[in-house]
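K.L.:
here's my sequence, what's the structure:
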Amino acid sequence: LNAAVPADSAARSHKMRKSSLKTIAILLSALLAVLFTMSFASAQARGNDVAAASRAVHSSRVQPHSQILFQRLREPRCSDTSNAARRVIIDTSRPKSLRRTLRMYAEGEDTVTQKQLDEGSKRASSKAEKRAMQMEKDMQQSKPVEVKQSINRTAGRDKYNPQTYFELVNDAVQAVKDAMDDGIERMEVEMAALGQETYTFRADTFVDINAALATALGAGIAGSGKRVRILLPDKAELERQNIMLQKNMGKRMREEMGILSNKLNFGCLTEAAPSLDEKLGSAFGSLFNGGKSTVPEPPADPEDVFIVINAYVLDLPLVESYYERIAKGRTMILMNLELDTLRGDLGLPAFPSKDLHYRFLSFFKPVFYLRNRKYAKTQATPPYNIDYAGSLFRDYPGPWQVMLKLGDGSLACVAERDSRYYLNEAKYKMAEALGIAEEKGSVLDFLRTGYKAGTWWEEGESQELSDAWRT
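P.N.:
All right, here's what the predicted structure looks like:
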């Protein structure tokens, strides 16, 4: 009996330990279940926040920012849009003047009432509508605004900040008139047709904007009594632009075109030398139109001024042919052709030779030139990446100027001289003005710029028949 007691006690102890372990396991399972549930709920809440912010950001691409913004902020504070999501919506909204008030609301401050939100939304919408109406009015009317010249253009500009395209066109008209008064016949006009982002737009958008700007430039020149002809590459482009202009032309521009109908005309470069496609198309079409020829013919009485637009590198020989056969002795303007880009293709297989620049393009003097540039520099110390922008600028009879873009969008002159700057020189002047240029002659300067100071057309001065494009 005495020997059985310890065994019974040991059995009871074993059962108690086993029961305790089961209890602990149950408690741990319950605790893990609670933690998993809380984690899942938190993840779902974060997912809702991100989804709400994503919906707001994506929907803001097709709806007015203010509409999306106020729609989300008017929801109850207990909705799935948390403060973090509200801040994302605010940061992606356009009306900067409302950010402070809206952030107060997003952070939970109840000082912003529904009336204040409605008033802010109305002001933002009204401001956006006014901007849109002004842009539409400017583009449809296509009329250069007469701006009184309060600066000495001969001395250059300390600062340049045109607010509309038609200020640019008006400045270009004044420069062209001054050059014509000085007896210059071949000119180049280059302006930022689509701002800094020229190459991100579709080609159709680029050529359409060029046609509208050339029409405005031609109207400004024709207003002084000159007859103007705007030239496109071929007849197909001419017909397309005629349709586009008639469709998008504003009422005022239609009235002016009616007044200037005898002084402002459209044509194509193939008038001087019809292409094989146009000849074959005319021969085939004559079978169905009574034998009428559709081949472009040169003007019987050539105009005083010819403006060439939308020509590409393969069209440059046509430009030369048109000048030699029709426009010689008259004024020819190459407008927004981006000759710096086209020159880079000369000399390549199946492209015109470099001699085209030496014998023909070198005669065209830039009378109004505004070419935007964007640059970036990487360095080993903060800030590691520095982005900056500027322009190479010339407003005849002023000097060549390197302009640095400021925070307000205006251009400030940082260097000027009578001769044209190489592209690398203009870049160095901008960096020098910012204090981030490498020391001249240093190893880093050599590694950044290379052993060549300029492009082949910039360094080919000895082979050019004229230095007009440099001065």
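
K.L.:
let me see the ranges of the strands in the stretch 301-450 of the chain.
P.N.:
305-308, 331-335, 365-378, 385-395, 400-405, 411-417 (DSSP state E, counting those that start in this stretch).

K.L.:
buried ones in the fourth one?
P.N.:
Of all the residues in strand 385-395, those buried under the rule 16 or more other C-beta atoms under 10 Å are 388-395. No exception for glycine: its C-beta is placed from N, CA and C like everyone else's.

K.L.:
closest to residue 157 among those residues?
P.N.:
residue 395 (6.6 Å; C-beta to C-beta).

K.L.:
next, count neighbours for residue 417.
P.N.:
Look at residue 417: counted by other C-beta atoms under 10 Å, it has 12 neighbours.

K.L.:
separation between the residue nearest to residue 427 when sequence neighbours are not counted and residue 437?
P.N.:
Nearest non-adjacent residue to residue 427, counting by C-beta to C-beta, 6 or more residues apart in numbering: residue 375, 5.8 Å away. Separation of residue 375 from residue 437 (C-beta to C-beta, to the nearest Å): 11 Å.

K.L.:
and what of residue 238?
P.N.:
Distance of residue 238 to residue 437, computed by C-beta to C-beta: 47 Å.

K.L.:
ok, these two, which is more surrounded?
P.N.:
residue 238 (20 against 16).

K.L.:
and whichever strand or helix holds that one, what's buried?
P.N.:
Taking DSSP states H and E as the criterion, residue 238 maps to helix 235-248. Residues of helix 235-248 classed as buried by neighbour count (16+ other C-beta under 10 Å): 235, 237-238, 241, 245.

K.L.:
where in the chain is pLDDT low?
P.N.:
Applying pLDDT under 70 to the chain flags the ranges 1-15, 18, 39-150, 193-203, 246-261, 275-294, 446, 448, 450-451.

K.L.:
residues contacting residue 415?
P.N.:
Counting by C-beta atoms under 8 Å, 6 or more residues apart in numbering, residue 415 touches 401-402, 421, 429, 433.

K.L.:
let me know the closest of those residues to residue 328.
P.N.:
Of those, the one sitting nearest to residue 328 (C-beta to C-beta) turns out to be residue 421, at 30.7 Å.

K.L.:
would you agree that closest one is in contact with residue 402?
P.N.:
Yes. Assessed by C-beta atoms under 8 Å, residue 421 is found in contact with residue 402 at 6.1 Å.

K.L.:
list the residues that contact both of the two?
P.N.:
392, 415, 429.

K.L.:
count the neighbours of the last one for me.
P.N.:
For residue 429, the neighbour count with other C-beta under 10 Å is 22.

K.L.:
equivalent analysis for the one 5 residues further on, please.
P.N.:
Other residues near residue 434 number 15, with proximity taken as other C-beta under 10 Å.

K.L.:
cool, and residue 223?
P.N.:
17.

K.L.:
ok, now residue 161?
P.N.:
When neighbours are counted by other C-beta under 10 Å, residue 161 registers 12.

K.L.:
ok, now residue 20?
P.N.:
10.

K.L.:
that one - that's part of a helix, no?
P.N.:
Yes. Per DSSP: H, G, I helix; E, B strand; the rest coil, residue 20 lies within a helix segment.
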